[in-house]
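Novice: Sequence and predicted structure are below.
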Amino acid sequence: MRVIHTIGEMRAASRAAKARGARLGLVPTMGALHEGHLSLVRAARARSDVVAATIFVNPTQFGPSEDFSKYPRNLQNDSALLEREGVELIFAPAVEEMYPAGAITWVTVEGMSDRLCGASRPGHFRGVTTVVAKLFNIAEPDVAFFGQKDAAQVAIIRRMVRDLNMPVQIEVCPIVREPDGLAMSSRNSYLNAGERTAALTLFRSLTRAEELFKSGEKDSAKLIAVGTKEFDSEPAVRLDYFEIVDPDSLQPVLAVERPALAAVAAYLGKTRLIDNILLAP
Ligand code: PAJ
């Protein structure tokens, strides 16, 4: 396994792999790896010949008062985990390598980047699409792996790839959860014991909406009401949004006649967590 810090070396390594006829799979991450990330690596391992993982805490997707500076960073531990999973290449550039002074070009998926998390995190998805486009240009993967945990991110990246004719296949892997249902996230490490217990409200709210949906209710307003109600009894959790949207366009749906995404975001203290579930008729 090689840990690479420069764009030139990363491009050379991935081109060398592809010149040997290997199918290159890319797993973009911000590090602080957990089983959710590793599930993407395993999928990549199964569906490509050479796996490259990127570890880059991308400053442009964090707002000015968000957790960029305190985001957990542990390259040594992450590298060990990735080596155990059979990853060949790790790309871990410095911020100055990815964003040389004077960079003024952005990739924005208009009309989607302000939906769901994009509404409360202005500029977030622009940062995500810009860095993912750069990673695709640098590594030139045949296939890239993303988690359903960030469902809006998946929809927006798919749309970017389609609209900009990027020659990469996007694969999406299911949400990996803790035994009690909490979606795994690098940000779960911020939670104290009380917040950790209260964090289950997100998954519980989705489960309640899903139960009502499975009992035959299709009206989004009623599904949202039952999901939102879970937060009333949890003063430690501040709901950001609970929405039911089309999984591709991220536009709200009035009734779940086709598969729809129930998506939730909430704050526990300063920690912002997200989760979602697919409601499929
Ligand atoms: P990060 O939060 O590190 O997540 C990297 C990838 O792991 C994403 O595709 C995310 O959806 C997936 N992932 C995280 N938790 C998961 C879980 N519990 N189950 C399944 N998959 C999970 O998402 C980002 O980084 C960044 O926005 C990035 C795409 C790297 C661009 O900077």
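Specialist: Cool, got the structure.
Novice: all helices for the protein, in order.
Specialist: In the chain, helices defined by DSSP state H lie at 7-19, 35-47, 75-84, 95-98, 117-120, 124-139, 151-163, 193-198, 200-214, 220-229, listed in chain order.
Novice: what does the chain put close to the ligand?
Specialist: Within the chain, the positions adjacent to the ligand are 28-30, 36-37, 39-40, 58, 61, 128, 131-132, 146-147, 149-150, 153, 173, 175-176, 183-186 by C-beta under 6 Å from any ligand atom. (Glycine included, C-beta is placed from N, CA and C.)
Novice: now do 5 Å
Specialist: Applying the criterion C-beta under 5 Å from any ligand atom, the portion of the chain that neighbours the ligand consists of 28-30, 36-37, 58, 128, 131, 146-147, 149-150, 175-176, 183-184.
Novice: just to revisit the earlier point, same list (the helices of the chain) but as CSV, adding mean pLDDT and mean neighbour count.
Specialist: Compiled in CSV, these are given as follows (pLDDT from 0 to 100; neighbours: other C-beta atoms under 10 Å):
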stretch, mean pLDDT, mean neighbour count
helix 7-19, 98, 16
helix 35-47, 98, 20
helix 75-84, 98, 16
helix 95-98, 98, 14
helix 117-120, 96, 17
helix 124-139, 98, 22
helix 151-163, 98, 20
helix 193-198, 97, 14
helix 200-214, 98, 20
helix 220-229, 98, 18
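Novice: Would you mind giving these as a markdown table with distance to residue 279 added?
Specialist: Rendered in a markdown table, the data for the helices of the chain read as follows (distance: least, C-beta to C-beta, whole Å):
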| stretch | distance to residue 279 |
| --- | --- |
| helix 7-19 | 38 |
| helix 35-47 | 21 |
| helix 75-84 | 33 |
| helix 95-98 | 37 |
| helix 117-120 | 19 |
| helix 124-139 | 23 |
| helix 151-163 | 12 |
| helix 193-198 | 24 |
| helix 200-214 | 5 |
| helix 220-229 | 8 |
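Novice: between those helices, which one is nearest to residue 235?
Specialist: Of all those, helix 193-198 sits nearest to residue 235, with 8.9 Å by C-beta to C-beta.
Novice: From residue 192, how far off is the residue sitting nearest the centre point of the chain?
Specialist: Residue closest to the average C-alpha location in the chain (C-alpha atoms, centre = their mean): residue 150, at 3.6 Å. In this structure, residue 150 and residue 192 are separated by 24 Å, where distance is defined by C-beta to C-beta, to the nearest Å.
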